[in-house]
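**Q** Sequence below, structure please.
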Amino acid sequence: MFELNLPKYTFKTKSEKEGLTIFDRCRQKYVALTPEEWVRQNMVEYLIQAKAFPAARIANEVTVNINGMKKRSDSVIYDREMRPRIIVEYKAPTVKITQKVFDQIATYNFELDVDLLIVSNGLQHYCCKMDKENRKYFFLKEIPNYNQLNWESTNT
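**A** Okay, here's the model as predicted:
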């Protein structure tokens, strides 16, 4: 698989008739190991191990209903009350992160109304904080640690 701009993690993989699979700890099953899935699994581990996000609050392949159409958000991170707080969109390392990618994740946010958006192709990572009042977002220098988010002490 691709070398990513993330720490190296160990994963359970196995060969199936259809190809190589990787164990997704969030879905508790093996899934096809595509380049995008490689980015997802590495980013999830980064969020858990380096940024202290609770694994139980991260869900992969979340169905979002947008204008009557079912779409899938790559990952959603929830607070203690299981309110969505972060949407994460992954692309393969060969895919450039463009405005179209941000438009895609912003569309999911119309339904989920989260605080942060994260986009990564494994090489570049962007984190945006939502300004809900002005319906804009601004870029953060890095993905915050879970304990910096102050979700657990407030009802916002």
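
**Q** contacts, neighbours, all on C-alpha from now
**A** Noted.

**Q** can you pull the contacts of Thr21?
**A** Shown in contact with Thr21 (Cα atoms under 8 Å, 6 or more residues apart in numbering): 13-15, 30-33.

**Q** would CSV of these with pLDDT, neighbour count and distance to Met130 be doable?
**A** Converted to CSV, the contacts of Thr21 look like this (pLDDT from 0 to 100; neighbours: other Cα atoms under 10 Å; distance: Cα to Cα, whole Å):
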residue, pLDDT, neighbour count, distance to Met130
Thr13, 96, 15, 36
Lys14, 96, 14, 39
Ser15, 94, 11, 41
Tyr30, 97, 16, 33
Val31, 97, 15, 31
Ala32, 96, 19, 32
Leu33, 97, 20, 31
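
**Q** Would you mark the buried spots in stretch 42-58?
**A** 42-48, 51, 53, 57-58 (16 or more other Cα atoms under 10 Å).

**Q** So Phe53: helix, strand or coil?
**A** Under DSSP: H, G, I helix; E, B strand; the rest coil, Phe53 falls in the coil class.

**Q** Who are the contact partners of it?
**A** Taking Cα under 8 Å, 6+ apart, one finds 47, 145-146 in contact with Phe53.

**Q** One more pass at 10 Å, please.
**A** For Phe53, the contacting residues are 44-47, 77-79, 144-147, by Cα atoms under 10 Å, 6 or more residues apart in numbering.

**Q** want to throw the residues you listed into JSON lines with secondary structure?
**A** Below are these laid out as JSON lines (three-state DSSP):
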{"residue": "Val44", "secondary structure": "helix"}
{"residue": "Glu45", "secondary structure": "helix"}
{"residue": "Tyr46", "secondary structure": "helix"}
{"residue": "Leu47", "secondary structure": "helix"}
{"residue": "Ile77", "secondary structure": "strand"}
{"residue": "Tyr78", "secondary structure": "strand"}
{"residue": "Asp79", "secondary structure": "coil"}
{"residue": "Pro144", "secondary structure": "coil"}
{"residue": "Asn145", "secondary structure": "coil"}
{"residue": "Tyr146", "secondary structure": "helix"}
{"residue": "Asn147", "secondary structure": "helix"}
